[in-house]
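Visitor: Dropping a prediction and its sequence here:
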Amino acid sequence: MAENDATMADADRADIGRDFIRDIVAADLEAGRVKQVVTRFPPEPNGYLHIGHAKSICLNFGVAAEFGGRCHLRFDDTNPTKEEQEYIDAIKDDVRWLGFDWGEHLHHASDYFEQIYAWAQHLIGTGKAYVDDQSQDEIRINRGTLTEPGRDSPFRDRSVEENLDLFARMRAGEFPNGARVLRAKIDMSAGNINLRDPVLYRILHAHHPRTGTAWSIYPSYDFAHGQSDAIEHITHSICTLEFEDHRPLYEWFLDNLPVPSRPHQYEFARLNITYSVLSKRVLTELVRGGHVGGWDDPRMPTLAGLRRRGVPAAALRDFVKRIGVAKANSVVDAGMLDFTIREQLNKSAQRRMAVLRPLKVVIENYDGPGEELDAVNHPDDPAAGSRRIRFGRELYIERDDFMENPPKKFFRLSPGNEVRLRYAYFITCKEVVKDAAGEVIELHCTYDPATRGGDSPDGRKVKATMHWVSAVDAVNAEVRIYHPLFAKPDPNAADFEADLNPDSLETLFQAKLEPSISAANADEPMQFERQGYFTRDKDSTPARLVFNRTVGLRDTWAKVSAGG
Ligand code: ATP
Ligand code: MG
């Protein structure tokens with residue numbers, strides 16, 4: 001690994017530990033305002049989790065663990081038209097994979113629908129909520145703008161009795177979708193638009209994954225969230241900055257309802273990453289539009305995609321630690337994620353040899369059945385041991401490692417040049433074989449038997465050491481190399497299709513692997529020497545192995561995209 005990489009890692013580690021959220025929690029415990037910290041991670045089951053959610057998960061579960069508290073997993077399942085059981089299952093899987101455990105505390109906003117309904121009736125009873133018959137458009141127009149106050153609804157002063165009756169009939173399913181809503185009666189001229197009589201309930205005749213058709217009305221996010229927090233005795237309700245303007249409303253509900261506890265909301269900056277869009281809406285459209293193979297396509301920034309690509313959960317946790325938690329929005333360089341993944345895999349992945357774009361080499365002066373040589377499994381970990389690799393007359397090397405007419409600085413194989421084959425011998429290129437079209441199809445080389453193991457007997461130097469695979473026992477494989485899904489560092493979420501990278505997937509069909517790779521465990525990451533880190537893909541069959549490149553050994557993308 002390059003030296004500047006190591007320094008970068010050390011510098012980044014220095015400021016890990018405390019952030020403003022942890023400071024608040026520590027101060028609350030210290031002052032006795034809170035006895036036990038209770039947090040929650042509240043996904044809406046309308047898509048798979050992405051790496052932005054990982055930041056929220058690590059923060060909520062991390063804070064709870066560090067301060068001796070607990071963290072709940074709560075599905076914010078208030079919009080049945082967009083929510084599916086598949087997403088609920090995937091989210092649970094992903095949170096567990098990331099290394100967190102909610103214990104007995106798996107909850108759903110829908111668990112509280114009765115209570116939340118009763119609290120809506122309570123607001124009606126105290127004159128603080130009303131049924132509004134205006135259309136959606138009228139409500140929007142009458143809400144006003146940032147510079148103009150809103151206008152009171154003509155239905156704002158209905159009697160408590162009429163409101164209770166209409167609300168009960170909304171619940172009973174008497175009215176079609178959109179016919180009426182229940183709104184809080186707060187202040188139509190409030191500077192904060194969220195306080196201009198926000199909608200508490202809307203009519204929605206839809207099948208809910210958990211409550212089926214029991215309900216014809218569903219609470220809004222705002223009306224469900226804080227009250228669910230209160231029911232679960234959440235102490236610190238941590239969410240992203242876009243909810244900052246909702247906090248006065250969050251508090252208004254708690255102030256005006258007989259809730260069992262008093263949670264507080266704190267906001268932090270969401271994670272953004274270059275060359276990526278962290279929005280479930282966009283990710284859903286990528287899947288539905290067939291731009292990717294599914295939610296777990298290894299190019300997706302979803303946890304399922306990253307996992308399939310071979311990213312270890314520990315690397316994601318480390319990444320989240322490294323980026324920290326702050327109040328100011330920022331965009332993290334995708335290279336930083338790759339760096340973290342590489343650093344993690346460098347420690348854990350065993351080394352193997354694989355040739356991704358093969359070129360046949362015949363060792364002219366090598367006769368006999370071949371021989372076995374020793375190859376080290378991990379250069380920094382002697383305990384990982386070594387394995388035997390076969391050397392013989394026919395080999396494969398990487399096509400890029402040969403040039404017929406090399407420029408000055410090219411030190412790898414070229415006619416007349418000598419190089420080292422890793423763990424094996426020095427070889428010299430003697431002859432280039434071409435097909436009718438003039439393409440190089442084979443090299444004839446000689447080897448020096450005195451260089452066995454790759455050692456020079458006479459102090460003779462070669463400037464390149466190359467990986468290779470013996471032809472007789474090479475295993476064929478398909479290798480998938482992933483490039484960023486978007487061609488621009490800041491893709492436009494509104495028109496993301498225009499910014500897609502048409503070359504995000506590169507498939508190599510002819511890869512040759514050393515045979516010990518075929519025995520690989522599906523979850524075991526490997527470094528293919530000089531190529532990067534790889535993991536077997538779930539598309540593999542007994543007849544055909546498929547490998548994903550998790551990450552390359554160094555950042556080539558930045559150079560390519562900068563045009564360099
Ligand atoms: P999206 O914007 O991708 O649709 P969301 O906010 O609607 O995401 P939720 O399921 O509501 O998705 O999110 C669950 C939790 O994860 C919320 O507390 C939310 O604030 C947090 N979260 C979502 N995206 C990010 C992100 N990019 N960085 C950090 N936290 C995030
Ligand atoms: Mg949301």
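Guide: Here it is on my side, so go on. Ligands and ions are numbered 1, 2, ... in the order given.
Visitor: buried sites along stretch 115-135?
Guide: 115-117, 119-121, 123-124, 128-132, 134 (16 or more other Cβ atoms under 10 Å). All C-beta atoms are positioned from the backbone trio N, CA, C, and that covers glycine.
Visitor: Any idea how far it is from the middle of the chain?
Guide: Remark: stretch 115-135 is offset 40 Å from the chain centroid, using Cα atoms, centre = their mean, to the nearest Å.
Visitor: what's the first-to-last distance across that stretch?
Guide: Across stretch 115-135, the terminal residues are separated by 27 Å (Cα to Cα, to the nearest Å).
Visitor: I'd like the mean pLDDT over that stretch, please.
Guide: Averaging pLDDT along stretch 115-135 yields 98.
Visitor: so what's residue 508 up against?
Guide: 356-357, 478-481 (Cβ atoms under 8 Å, 6 or more residues apart in numbering).
Visitor: Residue 28 now?
Guide: 34, 37, 235-236.
Visitor: try 10 Å this time
Guide: Counting by Cβ atoms under 10 Å, 6 or more residues apart in numbering, residue 28 makes contact with 34-35, 37, 67, 235-236, 264.
Visitor: for those residues, which one is nearest ligand 1?
Guide: Comparing the contacts of residue 28 against ligand 1 with Cβ to the nearest ligand atom picks out residue 236 as the nearest, at 12.1 Å.
Visitor: what secondary structure does the residue of the chain found nearest ligand 1 sit in?
Guide: With Cβ to the nearest ligand atom, the shortest gap between the chain and ligand 1 falls at residue 52, namely 2.2 Å. Assigned state for residue 52: helix (three-state reduction, DSSP: H, G, I helix; E, B strand; the rest coil).
Visitor: Would you confirm that residue 205 contacts residue 214?
Guide: No - the pair residue 205 / residue 214 is not scored as a contact, 11.7 Å apart, by Cβ atoms under 10 Å.
Visitor: All the helices of the stretch 451-564 of the chain, in order from the start?
Guide: 557-561 (DSSP state H, counting those that start in this stretch).
Visitor: quick one, strands of it?
Guide: Counting by DSSP state E, counting those that start in this stretch, the stretch 451-564 of the chain has these strands, from start to end: 465-466, 468-470, 475-482, 505-513, 526-528, 532-536, 545-551.
Visitor: would you turn these into TSV with distance to ligand 1?
Guide: Listed next are the strands of the stretch 451-564 of the chain as TSV, based on distance: least, Cβ to the nearest ligand atom, whole Å:
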stretch	distance to ligand 1
strand 465-466	42
strand 468-470	42
strand 475-482	21
strand 505-513	23
strand 526-528	30
strand 532-536	25
strand 545-551	21
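Visitor: Mind putting these into JSON lines with mean pLDDT?
Guide: Formatted as JSON lines, those follow (pLDDT from 0 to 100):
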{"stretch": "strand 465-466", "mean pLDDT": "96"}
{"stretch": "strand 468-470", "mean pLDDT": "98"}
{"stretch": "strand 475-482", "mean pLDDT": "96"}
{"stretch": "strand 505-513", "mean pLDDT": "97"}
{"stretch": "strand 526-528", "mean pLDDT": "97"}
{"stretch": "strand 532-536", "mean pLDDT": "96"}
{"stretch": "strand 545-551", "mean pLDDT": "96"}
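Visitor: As JSON lines, those with distance to residue 245 would be great.
Guide: Shown next, in JSON lines, are those (distance: least, Cβ to Cβ, whole Å):
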{"stretch": "strand 465-466", "distance to residue 245": "59"}
{"stretch": "strand 468-470", "distance to residue 245": "59"}
{"stretch": "strand 475-482", "distance to residue 245": "37"}
{"stretch": "strand 505-513", "distance to residue 245": "40"}
{"stretch": "strand 526-528", "distance to residue 245": "47"}
{"stretch": "strand 532-536", "distance to residue 245": "42"}
{"stretch": "strand 545-551", "distance to residue 245": "38"}
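Visitor: which bits of the stretch 151-300 of the chain sit near ligand 1?
Guide: The stretch 151-300 of the chain comes close to ligand 1 at residues 239-240, 270-271, 278-281, as judged by Cβ under 6 Å from any ligand atom.
Visitor: Of those residues, which qualify as buried by neighbour count?
Guide: Buried members of those, scored by 16+ other Cβ under 10 Å, are 239, 270-271, 278-280.
Visitor: between the residues you listed, which is nearest residue 328?
Guide: Nearest to residue 328 among those: residue 270, at 11.1 Å, using Cβ to Cβ.
Visitor: what number of residues lie near the closest residue to residue 362 other than its chain neighbours?
Guide: Spatial nearest neighbour of residue 362, excluding adjacent residues (Cβ to Cβ, 6 or more residues apart in numbering): residue 444 at 5.2 Å. Residues near residue 444, counting by other Cβ atoms under 10 Å, number 15.
Visitor: How about the secondary structure of residue 444?
Guide: strand.
Visitor: about what we covered before: greatest separation within the contacts of residue 508: which pair is it?
Guide: 357 and 480 (13.6 Å).
Visitor: Looking at these two, which has the bigger crowd around it?
Guide: Set side by side, residue 357 and residue 480 show more neighbours around residue 480, with 19 against 15, by other Cβ under 10 Å.
Visitor: is it true that the more buried one touches residue 540?
Guide: No - counting by Cβ under 10 Å, residue 480 sits too far from residue 540 to count as a contact (11.1 Å).
Visitor: Residues that sit against both of the two, list them.
Guide: By Cβ under 10 Å, 6+ apart, residue 480 and residue 540 have these common neighbours: 546-547.
Visitor: joint contacts of residue 357 and residue 480?
Guide: Common neighbours of residue 357 and residue 480 (Cβ under 10 Å, 6+ apart) are 508, 511.
Visitor: Give me the domain ranges for the chain.
Guide: Domain ranges of the chain: 3-108+223-340, 113-220, 352-472+519-524, per automatic domain parsing.
Visitor: Relative to the whole chain's centre, how far out is the shortest one?
Guide: Distance of domain 113-220 from the chain centroid (Cα atoms, centre = their mean) equals 36 Å.
Visitor: same question, the last one
Guide: Computed by Cα atoms, centre = their mean, the chain-centroid distance of domain 352-472+519-524 equals 37 Å.
Visitor: pretty sure residue 206 is touching residue 218, no?
Guide: Yes - here residue 206 reaches residue 218: they are 8.0 Å apart, a contact under Cβ under 10 Å.
Visitor: More neighbours: those two, which one.
Guide: Taking other Cβ under 10 Å, residue 206 and residue 218 do not tie; residue 218 has more neighbours (24 against 15).
Visitor: Give me the phi and psi for that one.
Guide: Torsion angles at residue 218 (phi, psi; degrees, to the nearest 10) stand at phi -130, psi 140.
Visitor: now swap in residue 301 and tell me
Guide: Dihedral angles (degrees, to the nearest 10) for residue 301: phi -80, psi 20.
Visitor: before we move on, the earlier item: turn the buried residues of stretch 115-135 into a markdown table, including distance to ligand 1 and secondary structure.
Guide: Listed next are the buried residues of stretch 115-135 as a markdown table, based on distance: Cβ to the nearest ligand atom, whole Å; DSSP: H, G, I helix; E, B strand; the rest coil:
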| residue | distance to ligand 1 | secondary structure |
| --- | --- | --- |
| 115 | 21 | helix |
| 116 | 17 | helix |
| 117 | 22 | helix |
| 119 | 21 | helix |
| 120 | 22 | helix |
| 121 | 27 | helix |
| 123 | 24 | helix |
| 124 | 28 | helix |
| 128 | 27 | coil |
| 129 | 25 | strand |
| 130 | 28 | strand |
| 131 | 28 | strand |
| 132 | 26 | strand |
| 134 | 27 | coil |
